[in-house]
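S.K.: Okay, here's the prediction I keep looking at, along with the sequence it came from:
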Amino acid sequence: MNQFDFMWDGGFIMAPIEQFDEAIEWYCTHMGWVCKANFENVGRMAFLKFPGKGQVVLKSYENQYPQFNYKQAPESNSRLCFKIENKENALSYFATHGIKTSEMKALPDGRESFEIHAFGGTILTAVTSNAERSKYPKSRIAGYSDIVMIIGAKNLKDMISFYENVIGMEKLEYEVPNGFALLGAKDARSKVHDLVLIVPDDTEKSLVTNQSTQPHFWIGPKKKDFVMAWEKLKAEGHTISDISGNPETWAAFYLIDPEGNRVNVWNCK
């Protein structure tokens, strides 16, 4: 078990810098989000507020930083998950506006999920809500789902071991013979447990080391914790990037899980 806490802290959606303003407009128009800030920080960055609680960060690709230096970003099997409160209304809107969606998949708890092909081909994973009443019935995506990540895995045991022993998640439910595991991830602010679902992936796919949706974890509170975590992970032989940015202000790195997905880690002053 690592001595550092990897605490879930939301996610980034990447967009080309030359299309950054267009991407903001697309997500605000079609997802029903509101741009609360649009500024320069290690390139372009914008905070897009959900109708419900929380926000997602829209971030530009930046060639000079290891964290953001890819012009093409094939999707990995680590997905950011968002909450759909009114499935029928959302699907009707997407169909009317030419936004591609995938077929429904059943999750182990009986809920449904589907993929939304968003701006520039970026894939968002939508998870239906168990709530009896919608708080935001007119929204397409109301916020993050309680299942914050779904990870497709060819070897569940290796992936479970990595996310437990390296990232520090906690076992909540295992049904490995039936093909899934439910893990708890600490929240960076409220310390509650968010849910990470690991499910089998049978597709023939080589290792992917970049992605246009990036789940993020936070290490802190002190900058030395962030740097010491990077040093320890590197010394342990993990595949890990250099540090992007400046640990005195804003910095990030990523490490690679056993099947090629990025685990993004950041800290700021």
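M.R.: Great, that's in hand. Residues are numbered from 1 along each chain as shown.
S.K.: those helices in this protein, which residues are they?
M.R.: Secondary structure of the chain by DSSP state H: the helices cover 20-31, 87-96, 156-165, 223-235.
S.K.: Redo those helices as JSON lines? Include mean neighbour count and distance to Lys49.
M.R.: C-beta: built from backbone N, CA, C; applies to glycine. Converted to JSON lines, the helices of the chain look like this (neighbours: other CB atoms under 10 Å; distance: least, CB to CB, whole Å):
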{"stretch": "helix 20-31", "mean neighbour count": "18", "distance to Lys49": "10"}
{"stretch": "helix 87-96", "mean neighbour count": "14", "distance to Lys49": "18"}
{"stretch": "helix 156-165", "mean neighbour count": "17", "distance to Lys49": "29"}
{"stretch": "helix 223-235", "mean neighbour count": "16", "distance to Lys49": "26"}
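S.K.: Out of those helices, which gets nearest to Asp109?
M.R.: Nearest to Asp109 among the helices of the chain is helix 87-96; the distance by CB to CB comes to 15.7 Å.
S.K.: tell me the mean pLDDT over the closest one?
M.R.: The predicted model assigns helix 87-96 a mean pLDDT of 93.
S.K.: which residues make contact with that helix from outside it?
M.R.: Residues from elsewhere that reach helix 87-96, judged by CB atoms under 8 Å, 6 or more residues apart in numbering: 30, 84, 99-101, 112, 116, 126, 128, 137-141.
S.K.: 10 Å instead, please
M.R.: With CB atoms under 10 Å, 6 or more residues apart in numbering as the test, helix 87-96 has contacts from 30-32, 84, 86, 99-101, 104, 112, 114, 116-117, 126, 128-129, 134, 137-142.
S.K.: who wins for proximity to Asn38 among the helices of the chain?
M.R.: Each of these was checked against Asn38 via CB to CB, and the shortest separation belongs to helix 20-31, namely 6.6 Å.
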